[in-house]
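Chemist: here is a sequence with its predicted model. Questions after.
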Amino acid sequence: MEEKNSNTALNITENYIDLEGLLAKKNVKLPKFALRWVKRILHLDEINGTIYTYRDIQGLDFVHAFLEGHDKYDLNISIEVVNEGNIPTEGYPIVAGNHPLGGPDWRCWVPSATTARTSSFP
């Protein structure tokens with residue numbers, strides 16, 4: 001089976017998450033200052049830059065590269081796993097995070113869980 005280049009399918013550009021485009025599709029109009037404020041609060045330039053920088057990496061390698069952030073878009077995320085023995089090794093785990101967007105929590109949990117679980121996720 002021939003492996004497809006996912007970058008072609010996804011068309012990852014430097015402005016991958018296009019807030020203006022998303023709002024235009026929903027017919028939401030914001031003043032320029034409000035749009036800039038939302039982008040700054042969400043760190044959209046940093047997230048887009050990191051996605052674009054690591055566009056050729058997939059899966060867990062992308063997660064590790066995203067968290068390590070050895071580029072100008074370093075998100076400064078550090079991980080400390082406490083009580084790693086409590087991560088279930090089988091079954092369907094319930095995961096709760098406290099970040100409003102959930103993304104950083106997920107990106108930190110995946111590498112920890114994959115080292116604790118030898119089988120693939122159900």
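Modeler: Great, that's in hand.
Chemist: who's in contact with the closest residue to T13 other than its chain neighbours?
Modeler: Distances taken as Cβ to Cβ, 6 or more residues apart in numbering put Y52 closest to T13, at 7.0 Å, once the chain neighbours are dropped. Where you see a C-beta, it was placed from the backbone N, CA and C, and this is true even at glycine. Taking Cβ atoms under 8 Å, 6 or more residues apart in numbering, we find Y52 in contact with I12, T13, E14, Y16.
Chemist: helix or strand for Y52, which one?
Modeler: Per DSSP states H and E, Y52 falls inside helix 44-53.
Chemist: flag every buried residue along that helix.
Modeler: For helix 44-53, the neighbour count (16 or more other Cβ atoms under 10 Å) marks L44, E46, I47, N48, G49, T50, I51, T53 as buried.
Chemist: downstream neighbour of that helix in the secondary structure list?
Modeler: Taking DSSP H and E, what comes next after helix 44-53 is helix 59-68.
Chemist: what about the longest helix in this protein?
Modeler: helix 103-116 (DSSP state H).
Chemist: please name every helix or strand in contact with that one.
Modeler: If contacts are counted by 3 or more Cβ pairs under 8 Å, 6 or more residues apart in numbering; DSSP states H and E, helix 103-116 sits against helix 59-68.
Chemist: sorry, back to before: can I get the CA coordinates of the longest helix of the chain in CSV?
Modeler: The C-alpha trace of helix 103-116 is given here as CSV (Å, rounded to 0.1, in the frame of the first residue of the first chain):
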residue,chain,number,x,y,z
GLY,A,103,-4.8,20.8,23.8
PRO,A,104,-1.8,21.2,26.1
ASP,A,105,-3.2,18.8,28.6
TRP,A,106,-3.7,16.2,25.9
ARG,A,107,-0.2,16.7,24.4
CYS,A,108,1.3,16.2,27.9
TRP,A,109,-0.8,13.2,28.7
VAL,A,110,-0.2,11.2,25.5
PRO,A,111,3.6,10.7,25.9
SER,A,112,3.1,9.8,29.6
ALA,A,113,0.4,7.3,28.8
THR,A,114,2.2,5.7,25.9
THR,A,115,5.2,4.9,28.2
ALA,A,116,2.9,3.3,30.8
